[in-house]
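Student: quick one, fold the following:
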Amino acid sequence: MIKVASVFAQVLSLINRNKFARSVSELEAEKGAKGFRCWEQLVCMLFCHLASADSLREICGGLASSMGKMVHLGIRRMPKRSTLSYANNRRPWQLFEKVFYHLLSEADMLAAKQKRRFRFKNPLVSIDASTIDLCLSIFDWAKFRRAKGAVKLHLMLNHQGYLPGWAYISDGKTHEVNVAKKLEFAPGTIVVMDRGYVDYDLFDYWTGEGVWFVTRAKSNMDYRVVKDIWELGRGNVLSDEIIEFTGYDASRRCPRQMRRVVVLDEEEKEIILLTNNMKFAASTIGEIYKDRWNIEIFFKTIKQNLKIKTFVGTSENAVKIQIWTALISILLLKILQMRSKISWSLSNLSAMLRFNLLSYRELWTWLDDPYQSPAIGPPDGQALLFD
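Tutor: Model prediction:
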């Protein structure tokens, strides 16, 4: 870790520069570049998210005002707005996708040490998608509805550490199920999802592969009860049944027995769950679905604290780069959160980091004691305003 550098420079040191350089070389991302490197582009876009910059002017101006602190960021000179805009439009967004997965492998090692919520050892993941609205007259490539544009961020959240384990950006018209069918899970994995992912072909395939799922059942689902396995006094569990689908389409596409569990939520409303797991207690099935709410919280956190609702570029490539760098930023925040000795919320950590981003502090000391750790003095050679 750099001893005398801004907090931002210390955060950037979490990204492996050797792996980044190899990815740049593999993708030929700097082919034809004239001075402005991919690393400098990444620094600018991470500054956009972590400093909450709303425009190219704020990104370039904010970094330029840091004066001598840019040397620790790996920036030779501050780019012009047109240079950064050109890079976002032309350089491959796949580079930032690679950076995300490189950083994820390091975050996973920290997450493995986190306390598990459930006693079972099976991997638990949630899948969901969130629509990011765009103005169709400006983002004319992002057709969604007649007068509305959008892209869709598909995400898999690993509940061990609540890290984004996989992401995919599609146009707004792509259905979640079509993306979910491309995913492969190890046998024994538990996949939690909402009603938008109900697909009987998918259920049949996952059951055959040994993958368990928990989802909300549709209200018009036709079925017959094979066996009632509910036991009196099981907390908030109202019903627990082994069922078979009787609808023509469902019974043909998924001719397997399923489990229907009815539980009460905190507001005393009935939640009807569908699963292929016949081993866990009904109360555990209910708690697993309740834990799915964390992926909703994740989407809310990333939209509130990072820049994925307003964009600094209008091309498809620029939008994808901004979303991938937002995911890199959230991984950096999660790493800081997991390594800190105090319980930060992501929103509070994001805000406090924004206030101290270009200050000279020892990062890990500040993370553990944010209100008491003193700032480090300016680098040698920089004059003080007051003695």
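
Student: CA atoms for contacts and neighbours, from now on please.
Tutor: OK.

Student: ok, and what's touching stretch 275-287?
Tutor: With contacts defined as Cα atoms under 8 Å, 6 or more residues apart in numbering, stretch 275-287 is touched by 207, 212-215, 234-237, 240, 257-261, 263, 273.

Student: would you put the C-alpha positions of stretch 34-53 in PDB?
Tutor: The C-alpha trace of stretch 34-53 is given here as PDB (Å, rounded to 0.1, in the frame of the first residue of the first chain):
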ATOM      1  CA  LYS A  34      -1.800   9.000 -28.700                       C
ATOM      2  CA  GLY A  35      -0.900   9.500 -25.100                       C
ATOM      3  CA  PHE A  36      -4.200   8.800 -23.200                       C
ATOM      4  CA  ARG A  37      -3.900   5.300 -21.800                       C
ATOM      5  CA  CYS A  38      -6.600   2.900 -20.700                       C
ATOM      6  CA  TRP A  39      -5.500   3.200 -17.100                       C
ATOM      7  CA  GLU A  40      -6.100   6.900 -17.200                       C
ATOM      8  CA  GLN A  41      -9.500   6.300 -18.700                       C
ATOM      9  CA  LEU A  42     -10.300   3.800 -15.900                       C
ATOM     10  CA  VAL A  43      -9.200   6.300 -13.200                       C
ATOM     11  CA  CYS A  44     -11.400   9.000 -14.800                       C
ATOM     12  CA  MET A  45     -14.500   6.800 -14.800                       C
ATOM     13  CA  LEU A  46     -13.900   5.500 -11.300                       C
ATOM     14  CA  PHE A  47     -13.600   9.200 -10.200                       C
ATOM     15  CA  CYS A  48     -16.900   9.800 -11.900                       C
ATOM     16  CA  HIS A  49     -18.600   7.200  -9.600                       C
ATOM     17  CA  LEU A  50     -16.700   7.700  -6.400                       C
ATOM     18  CA  ALA A  51     -16.700  11.500  -6.500                       C
ATOM     19  CA  SER A  52     -20.200  11.600  -7.800                       C
ATOM     20  CA  ALA A  53     -19.200  13.700 -10.900                       C
END
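
Student: picking that back up, buried subset of the contacts of stretch 275-287?
Tutor: Buried members of the contacts of stretch 275-287, scored by 16 or more other Cα atoms under 10 Å, are 207, 212-215, 236-237, 240, 257-261, 263, 273.

Student: and of those residues, the nearest to residue 297?
Tutor: Of all these, residue 297 sits closest to residue 215, with 17.7 Å by Cα to Cα.

Student: that closest one looks like it's in a strand, true?
Tutor: Yes - under DSSP: H, G, I helix; E, B strand; the rest coil, residue 215 falls within a strand.

Student: hmm, it is touching residue 190, no?
Tutor: No - counting by Cα atoms under 8 Å, residue 215 stays clear of residue 190, with 10.6 Å between them.

Student: the closest residue to residue 148 other than its chain neighbours: neighbour count?
Tutor: The spatial neighbour of residue 148 that comes closest, neighbours along the chain excluded (Cα to Cα, 6 or more residues apart in numbering), is residue 136 at 5.3 Å. For residue 136, the count of nearby residues is 17 (other Cα atoms under 10 Å).

Student: tell me how far residue 136 lies from residue 142.
Tutor: From residue 136 over to residue 142 the distance is 7 Å, taken as Cα to Cα, to the nearest Å.

Student: which residues does the nearest residue to residue 247 once chain neighbours are set aside contact?
Tutor: Leaving aside its chain neighbours, residue 247 sits nearest to residue 222 (5.3 Å; criterion: Cα to Cα, 6+ apart). Applying Cα under 8 Å, 6+ apart to residue 222 gives the contacts 245-247.

Student: what's the ChimeraX line that selects buried ones from those?
Tutor: Only the buried entries of the contacts of residue 222 go into this ChimeraX selection, using 16+ other Cα under 10 Å:
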select :245
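
Student: which one of the contacts of residue 222 is nearest residue 331?
Tutor: Proximity of those to residue 331 (Cα to Cα) peaks at residue 245, which lies at 41.3 Å.

Student: which stretches of the stretch 251-387 of the chain form helices?
Tutor: Under the criterion DSSP state H, counting those that start in this stretch, the stretch 251-387 of the chain contains helices at 282-291, 293-305, 316-339, 346-356, 363-368.

Student: show me what the last one is packed against.
Tutor: Secondary-structure packing of helix 363-368 (3 or more Cα pairs under 8 Å, 6 or more residues apart in numbering; DSSP states H and E): helix 7-12.

Student: flag every buried residue along the very next helix or strand once past the helix it packs on.
Tutor: Proceeding N to C from helix 7-12, the next assigned helix or strand is helix 17-27, under DSSP states H and E. The neighbour-count check on helix 17-27 (16+ other Cα under 10 Å) flags 20, 23-24 as buried.

Student: got JSON lines for those residues, with pLDDT and distance to residue 108 too?
Tutor: Formatted as JSON lines, those follow (pLDDT from 0 to 100; distance: Cα to Cα, whole Å):
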{"residue": "20", "pLDDT": "96", "distance to residue 108": "18"}
{"residue": "23", "pLDDT": "96", "distance to residue 108": "20"}
{"residue": "24", "pLDDT": "95", "distance to residue 108": "23"}
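
Student: mind giving me the packing neighbours of whichever strand or helix holds residue 63?
Tutor: In the assignment (DSSP H and E), residue 63 maps to helix 56-64. Contacts defined by 3+ Cα pairs under 8 Å, 6+ apart place helix 56-64 against helix 38-50, helix 81-90.
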